[in-house]
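*Asks:* Would you be able to build a 3D model of this:
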Amino acid sequence: MSERQAGAAALALTPVVLGCGNFGGIGSAPEFFGHGLTDDQALELMDAAWELGIRHFDTADAYGGGRSERVIGRWITTRGVRPRLTTKTFNPMAAGADHGLRPDRIARQLSSSLERLGLAHVDQYLAHEFDPQVPLAETLTAFDQVRSAGLVGEYGLSNFGASQVQAALVAGSPRVVQNSYSLLDRRDDQDLLDLCCARDLAYQAFSPLAGGWLTGKYRRGEPFPAGSRMTQRPGPYRQLVTTGTFDVLERLSEMARGRGTSMSGLALAWLLADKRVTQIVIGPGRPEHLVPVVEAIEHPLAPGERSAIESALSPAITAGPEPK
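*Replies:* Numbering: from 1, shown residues only. From the prediction side, this is the model:
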């Protein structure tokens, strides 16, 4: 897997990151802790990703209530290899537990994350959401302190809008932005992607397949497949259940067939063709779900194809999911 530059991070990174939000849970929702992939399934998936050449894993303290970080730590110990790691904090670790970006909580949560991972430092540490209850300057000072202490390589922001990122750039020195971005969620096209490019921030796109909507599994007039995101945690993507979305998916499916790839492969190739996007964060449920990554890399978009896809899917859908 070839490398690309990561903006101000000044590092050469593989363009695909393994998202581990479904290890022992479904994102950060406490009601789903203990669901998602089992430890054995997570270990198998990490093995497959590593074999493919993915060298960057993404997690958060609240994914699975700590289960995601713990199984990643087990994988590192048993396999004897060390991927580049991103973890995040904001969400509660259990129902009713505290949350947010207070400086004392950041220090405490990072310490517990490192313990679960079995590591002395992580490469990236992100604020998982914007916290209106804590001044940005206090939060970013705390991130600067853990970076100065050698516990964090760089820090950044997730689920932040353009104005919030601009404010953070005044209050501190974040180097990474990780937001939802896909063919079905193009809100960051309006200003944030250009801001990241102008300020030399690495941009990571999570939910590149829009919770499975860009895989073709959801079809007009048919029930959602058992075990799919829409049968487990539909809330973040419920707004996509519209006639317009199904129209877009059918046109995209036709375009994918014409290129000889899956819809997923085409959707990922569209993202990889955007030079403003540093990395995409995929969250496969099984090793075979990595196949579209191979398709996207082996069948990149030709010049002009990206804009042609956007035109074919017009009017653009810009409503996106809630934070994961």
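*Asks:* Run through the residues that contact residue 152.
*Replies:* 110, 121, 122, 123, 124, 125, 143, 146 (CB atoms under 8 Å, 6 or more residues apart in numbering). No exception for glycine: its C-beta is placed from N, CA and C like everyone else's.
*Asks:* Among these, which one sits closest to residue 42?
*Replies:* When the contacts of residue 152 are compared for distance to residue 42, the smallest value, 18.1 Å, is given by residue 122; criterion: CB to CB.
*Asks:* number of nearby residues for that closest one?
*Replies:* Other residues near residue 122 come to 24 when the count uses other CB atoms under 10 Å.
*Asks:* Wait, it touches residue 114, no?
*Replies:* Yes. Checked against CB atoms under 8 Å, the pair residue 122 and residue 114 is within contact range at 7.0 Å.
*Asks:* what sits in contact with each of these two?
*Replies:* Counting by CB under 8 Å, 6+ apart, the common neighbours of residue 122 and residue 114 are residue 151.
*Asks:* how long is stretch 145-164 end to end?
*Replies:* With CA to CA, to the nearest Å applied, stretch 145-164 spans 21 Å between its terminal residues.
*Asks:* Are we agreed that residue 179 is in a helix?
*Replies:* No. With DSSP: H, G, I helix; E, B strand; the rest coil as the criterion, residue 179 is assigned strand and is not in a helix.
*Asks:* From residue 252, how far off is it?
*Replies:* Distance from residue 179 to residue 252, counting by CB to CB, to the nearest Å: 21 Å.
*Asks:* Compare neighbour counts for the two and give me the winner.
*Replies:* Set side by side, residue 179 and residue 252 show more neighbours around residue 179, with 24 against 21, by other CB under 10 Å.
*Asks:* nearest residue to the more buried one other than its sequence neighbours?
*Replies:* Take residue 179 and drop its neighbours on the chain: the residue closest to it by CB to CB, 6 or more residues apart in numbering is residue 188, 5.6 Å away.
*Asks:* quick one: contacts for that neighbour?
*Replies:* 162, 179, 181, 203.
*Asks:* Name the SS class of it, please.
*Replies:* Secondary structure, three-state DSSP: residue 188 is helix.
*Asks:* buried stuff in stretch 208-220?
*Replies:* Under the neighbour-count criterion of 16 or more other CB atoms under 10 Å, stretch 208-220 has 208, 209, 210, 211, 212, 213, 214, 215, 216, 217, 218 buried.
*Asks:* Report the contact partners of the residue nearest the centre of the chain.
*Replies:* Computing the C-alpha centroid of the chain and ranking residues by CA atoms, centre = their mean puts residue 206 first, at 2.8 Å. For residue 206, the set of contacting residues under the criterion of CB under 8 Å, 6+ apart consists of 19, 58, 158, 178, 179, 180, 181, 280, 281, 283, 324.
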